[in-house]
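> Provided below are the primary sequence and the corresponding predicted coordinates.
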Amino acid sequence: MDIEPEFWVRVLLLDNTKACTLMTSSSFTVLDPQIQTTEAHFGQLDVPTNVEIAAGRIVIAGQTFTGGEVIILPDVPHIFNLNGDDYRGKLKLILNPNGNSFDVVNLVPPEPYLAGVVGAEMPNYWEPAALKAQAIAARTYCLYIKRQFGGNRAWDVRRTQANQVYLGVAAESAQIWNAVNGTSGQVLVCKQTGGTEKLFPAYYSSTCGGHTENSKNVFGDSFEPLVGVPCHYCKDVAKPSFFFWPMAQFDKTTVTTRLLKRYPKLKQLGEITNISPGKQSNYGKFSRLTLVKLLGSTGKSDFLRAEDFRLSIDSTGRKLKSTICRIISMGDKWAFLSGRGYGHGVGMCQCGAQAMARQGKTARQILFYYYPGSNIVRVY
C-alpha cells in the first residue's frame, strides 16, 4: 500500500554538520526538490564516500551541486548508509543560510520509520501485545509532533530521545515488523470540546516507578488521557537499578554551570546554594518532584520544572534517572537519594506494558489503561 506523502516522516539525522559519509547498496539519483529535476545519477557506493561543504555548496562524491537542497533517492532496496548506519527511504541535504554547514533529513514512510523506533524503544523479544502497544503509541506521538511543529521547519522529529529514538534498519526484526504492520495506520485519539476526536502526544517512558505523571506537571500540556494512573506492573519487569536507582552525585559547581548554560536567566541567582522541592505529586509511599526551587548566593530564587532541571544536569538521564528522589547537600556535591523509576513518567510505562502483556492483556487494554479516555482509529 502506498502511503500518502502527508504521512511520511522527516527525521533529522544530523544538524549543522560540515561533513558525513554515504554508502549505498544500489545506484542512486540526486534530485533538486525545488524544480523537481534530476541533477545526477551515481552507481553503487560500496565504500564510505564523503558528503561535504566546499565554497558554500554541497559536494557529493566530488560533484558539486548549486542548489540549496538536494534529495538522494536510492534505487531498490531504497536503503542508504549514513556514517555507518543503514536507513530506508530518501535522504535530503539542506544547506544552512551561513553556507558553512548542512542538515541531513531522512524522508521515510511511517511504517519503516516505526520499525526503526519500536525496535529501539523496546526489546524485540518482549510480548507481541507490548510491541503493538508501543507501535501505536509511537505512531501517535510522531504524527502529533509532525502536525504540531513540522509545518514551521524542514523536519518533523529528531532521531534521539528528544523525541523518540530511531535507529533505522539496525532496530528491525521480524517481531518488530509484525507489531508495526499488525497495527498499520492505527493511532490514539481523545475527545475535545464539541465531541470531535484529535491526536495527542502519546508520551511513554521506561519505568514509571509505581504511578504515571500528569503531563501538565512535566511538559506543560494538558490532555485527558495523560492525567496519570497507578501502575502496579512495572516493578515485575524493570531492572532493579531502574525501579530503585542508586544515589547519584554531581559537583555543585557543575550543577550551577549546567543550569546557567541552559537557562541564562538564572545568572541573577549567582552560585546555586540550595535546591528544594517547589511542588511534588504525592503517591503515598513516594513523591515525584514536579517543580524545583533554586536559591542562589545573591539571595534570589527561581523555579524550574523538575524534568527540565533533571535533564539540564544529566542530559542523558542515565545517572539521574527520574524526578522521584530526594535532594540533599553533601559537602561540595548535590546528592540525589531514594531514586525510583526511569524517565519522565508520563503516558505508557513500557515495563508496565510488558508486565500487562505477560498477564494476557491485549495492546488495546494496555493502551486504554495508560491513556484513559482515549480511542484507537486508523488514519491510513
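Looks like it arrived, so ask away.
> CA atoms only: put the lengthiest helix in the chain into CSV for me.
When every helix of the chain is counted residue by residue (DSSP state H), the longest turns out to be helix 128-149. Extracted C-alpha coordinates of helix 128-149, given in CSV (Å, rounded to 0.1, in the frame of the first residue of the first chain):
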residue,chain,number,x,y,z
PRO,A,128,3.7,-9.1,20.9
ALA,A,129,0.9,-7.1,22.7
ALA,A,130,3.5,-4.8,24.3
LEU,A,131,5.3,-4.3,21.0
LYS,A,132,1.9,-3.5,19.3
ALA,A,133,1.1,-1.0,22.1
GLN,A,134,4.5,0.6,21.6
ALA,A,135,3.9,0.8,17.8
ILE,A,136,0.6,2.6,18.2
ALA,A,137,1.9,5.0,20.9
ALA,A,138,5.0,5.8,18.8
ARG,A,139,2.9,6.3,15.7
THR,A,140,0.5,8.6,17.6
TYR,A,141,3.4,10.6,19.1
CYS,A,142,5.2,11.0,15.8
LEU,A,143,2.1,12.2,13.8
TYR,A,144,1.1,14.6,16.6
ILE,A,145,4.6,16.2,16.7
LYS,A,146,4.7,16.3,12.9
ARG,A,147,1.3,18.1,12.6
GLN,A,148,2.0,20.4,15.6
PHE,A,149,5.5,21.5,14.7
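> partners of whichever helix or strand comes after it in the sheet?
For helix 128-149, the following helix or strand on the C-terminal side (DSSP states H and E) is strand 157-158. According to DSSP bridges, strand 157-158 forms sheet pairs with strand 9-17 (parallel).
> buried stuff in the strand it pairs with?
Going by neighbour count (16 or more other Cβ atoms under 10 Å), the buried part of strand 9-17 is Val9, Arg10, Val11, Leu12, Leu13, Leu14, Thr17. In short, each C-beta sits where N, CA and C put it, glycine included.
> Same question for stretch 127-135.
Going by 16+ other Cβ under 10 Å, stretch 127-135 has these buried residues: Glu127, Ala129, Ala130, Leu131, Lys132, Ala133, Gln134, Ala135.
> same question, stretch 332-352
Those would be 333-334, 336, 339-352, for stretch 332-352 by 16+ other Cβ under 10 Å.
> Output the buried residues of strand 9-17 as JSON lines; include the columns distance to Ile145.
Putting these into JSON lines (distance: Cβ to Cβ, whole Å) gives the following:
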{"residue": "Val9", "distance to Ile145": "10"}
{"residue": "Arg10", "distance to Ile145": "11"}
{"residue": "Val11", "distance to Ile145": "11"}
{"residue": "Leu12", "distance to Ile145": "12"}
{"residue": "Leu13", "distance to Ile145": "16"}
{"residue": "Leu14", "distance to Ile145": "19"}
{"residue": "Thr17", "distance to Ile145": "22"}
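> Tell me the one among the residues you listed nearest to Asp32.
When the buried residues of strand 9-17 are ranked by distance to Asp32 (Cβ to Cβ), Arg10 comes first, at 17.5 Å.
> just checking, that closest one touches Arg159?
No: the pair Arg10 and Arg159 fails to qualify as a contact (Cβ atoms under 8 Å) at a distance of 11.0 Å.
> Name the residues contacting each of those two.
In terms of Cβ atoms under 8 Å, 6 or more residues apart in numbering, Arg10 and Arg159 are both contacted by the residues Asn106.
> What distance do you get for Thr66 to Ile60?
12 Å (Cβ to Cβ, to the nearest Å).
> If you count surrounding residues, which of those two has more?
Counting neighbours by other Cβ atoms under 10 Å for Thr66 and for Ile60 shows that Ile60 has the greater number, 21 against 10.
> How about the more buried one: what's its closest non-neighbour residue?
Nearest in space to Ile60, with sequence neighbours left out and distances taken as Cβ to Cβ, 6 or more residues apart in numbering, is Val51 at 5.2 Å.
> Looks to me like Lys321 is in a strand.
No: looking at Lys321 with DSSP: H, G, I helix; E, B strand; the rest coil, it is coil, so not inside a strand.
> so it makes contact with Phe242?
Yes: taking contact to mean Cβ under 8 Å, the distance of 6.9 Å between Lys321 and Phe242 places them in contact.
> Which one's more surrounded, those two?
For Lys321 versus Phe242, neighbours defined as other Cβ under 10 Å are more numerous around Lys321 (27 against 21).
> which residues touch the more buried one?
The contact partners of Lys321, taken as Cβ under 8 Å, 6+ apart, are Phe242, Trp245, Ala248, Gly339, Gly341, Tyr342, Gly343.
> if you set the cut-off to 7 Å instead, what comes out?
Lys321 sits next to Phe242, Trp245, Gly339, Gly341, Tyr342 when contact means Cβ atoms under 7 Å, 6 or more residues apart in numbering.
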